[in-house]
Every structure is written in structure tokens, then in C-alpha cells.
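1. Take this sequence and fold it.
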Amino acid sequence: MPPMLEVKNISCSYDEARVITDLSLEIRAGEIVAILGANGAGKSTTMRAIAGLLHPEKGSVLFEGEDITNLPASQVIRRGLCYIPEGRRLFSRLTVRENLELGAYTESSREAIDQRLEEVFAMFPILKARSAQRAETMSGGEQQMCAIARGLMSEPRLLMLDEVSLGLMPSLVEKVFETVVEIRRKGVTILIVEQMVQEALEIADRGYVLQTGKLVTSGTARELLDSDEIRKAYMGM
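-> I've put the predicted structure just below:
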């Protein structure tokens, strides 16, 4: 079976400054795959290129065998790929329910939207309890849950998560990673960008490590966790 996602030799720049060079990776259906690396390594740029928010200068992105390299982000979402960017980016003055419903903007059926709401409320009971509350009044952890749930409202087959642990206290980080595993159990394939390397690899099947926009190594999560080089460079061991 071919990969769900294939990134083939893409290069991307901002203002003529090269950020990613000749990068290739793939994800198979049902996997959790982590993209790892320090700040400025090109992790988020890779996600943006896949999601249609930035178009590569060269190379291609294929999703379920279809070339989506130059599609706008709105069309990428309609094909079943959802990107949750770093920083949550909720509509702070809207309620939790309103934020969630915006995640289903591609769906015209009210019945289908209500069904999706019930599904995300079952996964995130706190959001049901806070559904009438403005997003800006929630804690950081609750806002992160809301951002993930909003992404799930589009019914993605591939969910891309960018730095989901950012700004959260350790107990909430553990909860967020548990949630990612639960989402995979429901049949969603996951690509995650994360600076908390050990935590990400503990839930991932495989990982890719970037440095200054280039792939430096890849392997199974266990191989990367056991690598002295990775442990020294990214885990402080």
C-alpha cells in the first residue's frame, strides 16, 4: 500500500532565504510520525508546505496519491488534511462551541455538524462543560484541547499538530500526548512537530530529525530514542 502522505524533495524559502532544502518524508495510514529538531530547523515550514499555506519552490507533496503541492489551504482541508498551528490561534472572543463549529466550515449539513460536536465533546468533556464560555477565558491546556477539537471537526484523515505542548505545564503535557494517542486509536493518522523530543518519540512510530532545513536522520521511534547522538543533542542526556 502506498504512503498516505509523500513529501518529495521539497525546498522552501521565505524572502529568498532558504528554509528547507531537498526534504523528503512519508507517512503511512495509521501512523504517528514526529518531526524533530531545534528552533529554526524548518519543522513548522515543512508543515505549512504540506498544508498549502506555503508552496514549495521545487519538489512535490502527494496526499493519498493526489498531487496537492500547489493547492490552496482551503482545498487541502477539503481533501482530509488538517493543520493545527503552533499557538492555538483560537478566536478568543468567540465561545468554545463557536470555535468548534468554525472547524466544520466545509460541512453544510447541520445534522453532521451536531454529530461531530457530540463526538469531540465525548473526547473532551471539559469543552462540553465550557461550550458557552469565551475561548480567551480558558486555561492554556483547555485552549489547546479546544484547538485540537476544532481540527477534528473537519473530520481529517491526517491531523498535523505543531508544538502542542508549547507553554503547558508538565501534567497537561502528559494529558495532551495521551489525547494524541486516543485520536490515533480512532483511525486518524498523525504528523506531529515537537520540541519535547522524548515525549514525542514515546508515542510515535517513527521520526524525522531536521537541522537547518535538512533531514539529518530518521528511523523508528525506538531507534531514535536509543541513539546517543539524539539523546545528547535533543534530550540533554
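2. any weak-confidence spans in this protein?
-> Scanning the chain for pLDDT under 70 picks out the ranges 88, 235-237.
3. Which stretches in this structure count as strands?
-> 5-14, 17-27, 32-36, 58-63, 66-67, 81-84, 158-162, 189-193, 206-211, 214-220 (DSSP state E).
4. How many residues are close by F63?
-> Other residues near F63 come to 22 when the count uses other Cβ atoms under 10 Å. To be clear about C-beta, it is placed using only N, CA and C from the backbone, and glycine gets the same treatment.
5. Next up, the contacts around it.
-> Residues near F63 by Cβ atoms under 8 Å, 6 or more residues apart in numbering: 4-5, 76, 79-81, 158.
6. what's the most distant pair in these?
-> Distances among the contacts of F63 were taken as Cβ to Cβ; the most separated pair is M4 and V76, at 13.5 Å.
7. What's the separation between I230 and R222?
-> Applying Cβ to Cβ, to the nearest Å, the value for I230 to R222 is 11 Å.
8. Comparing these two, which residue is more hemmed in?
-> When I230 and R222 are compared for neighbours, I230 comes out ahead with 22 against 14, by other Cβ under 10 Å.
9. pretty sure that one contacts Q198?
-> No. Judged on Cβ atoms under 8 Å, I230 makes no contact with Q198 at a distance of 9.4 Å.
10. sorry, back to before: show me just the buried residues among the contacts of F63.
-> By neighbour count, with 16 or more other Cβ atoms under 10 Å, these hold 4-5, 76, 80-81, 158 as buried.
11. Distance to E16 added to these, as TSV?
-> Below are the buried ones among the contacts of F63 laid out as TSV (distance: Cβ to Cβ, whole Å):
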residue	distance to E16
M4	32
L5	28
V76	25
G80	33
L81	28
L158	30
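12. Of the residues you listed, which is the nearest to V188?
-> Using Cβ to Cβ, these come closest to V188 at L158, 7.4 Å.
13. Contact partners for that closest one?
-> By Cβ under 8 Å, 6+ apart, L158 lies in contact with 4-5, 27, 63, 80-82, 188-191.
14. Perfect, that will be all.
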